[in-house]
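> what's the 3D shape of this:
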Amino acid sequence: MFDESFFVAAAFFTVIGAFIYLKLPSKLMQSLDEKSAQIAKELDDAKALRAEAKKVLADYEEQRKQAEAQAEQMIADAKASAERTAAEARAAMQAAMERRTKQTEEKIARAQENLEKEVRAAITSLAVDAAAHLVATGMTDEMAQKLVDGNIAELGERLN
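Sure thing, here's the model as predicted:
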């Protein structure tokens, strides 16, 4: 009656009894529950980290978009400033050219006036010399009057 199956069965029930007496199944369940809770906590942490990473990524994307918009605005401002500067330079150059043209025209007008004065002075000097010569050579009053009247008439035509 005590064959080897009996001993195997007795050893089996002894081991099972020892497991139950030592409360190994509850400890095993408790250990599995703790491990499950730890895994659940790690999953929650991972989800939180993922959400935080998405938020940081969204923040960086927003900052990148703002930086691009700011760069585009800076480029537009620089272009507008360059255009304003070019327009101001053109206006200043135009004003300088107008001033120089006006100054040149004024110099020409003054030179013309001086030339006219010199010509008139030369004509007057010649007329005085001619009159002195005619007086010295004995011109009559009547001839002198005709000569003066003729020269006055010609002078008006020559000055025009």
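
> what helices or strands is the lengthiest helix in the chain leaning on?
If you go by DSSP state H, the chain has its longest helix at helix 24-137. Judged by 3 or more Cβ pairs under 8 Å, 6 or more residues apart in numbering; DSSP states H and E, helix 24-137 is in contact with helix 141-159. C-beta here means a position set from N, CA and C on the backbone, and glycine is covered the same way.

> report the angle between the longest helix of the chain and helix 141-159.
Using axes from the mean of the first three to the mean of the last three Cα atoms, to 10 degrees, one finds that helix 24-137 and helix 141-159 are set 160 degrees apart in direction.

> what pLDDT does residue 145 get?
Residue 145 is assigned a pLDDT of 78 by the prediction.

> actually residue 158, sorry about that
67.

> could you do residue 20 as well?
83.

> and it, which of the three is it?
Classification of residue 20 by DSSP: H, G, I helix; E, B strand; the rest coil places it in helix.

> I'd like to know how far it sits from residue 9.
16 Å (Cβ to Cβ, to the nearest Å).

> one more: residue 116?
150 Å.

> with residue 153 instead?
For residue 153 relative to residue 9 (Cβ to Cβ), the value is 167 Å.

> check residue 118 too.
If you go by Cβ to Cβ, the gap between residue 118 and residue 9 works out to 153 Å.

> what of residue 102?
130 Å.

> and for residue 122?
In terms of Cβ to Cβ, residue 122 sits 158 Å off from residue 9.

> now residue 104
On the measure of Cβ to Cβ, residue 104 and residue 9 end up 132 Å apart.

> lowest-scoring secondary structure element of the protein by mean pLDDT?
helix 141-159 (a mean of 73; mean pLDDT, DSSP states H and E).
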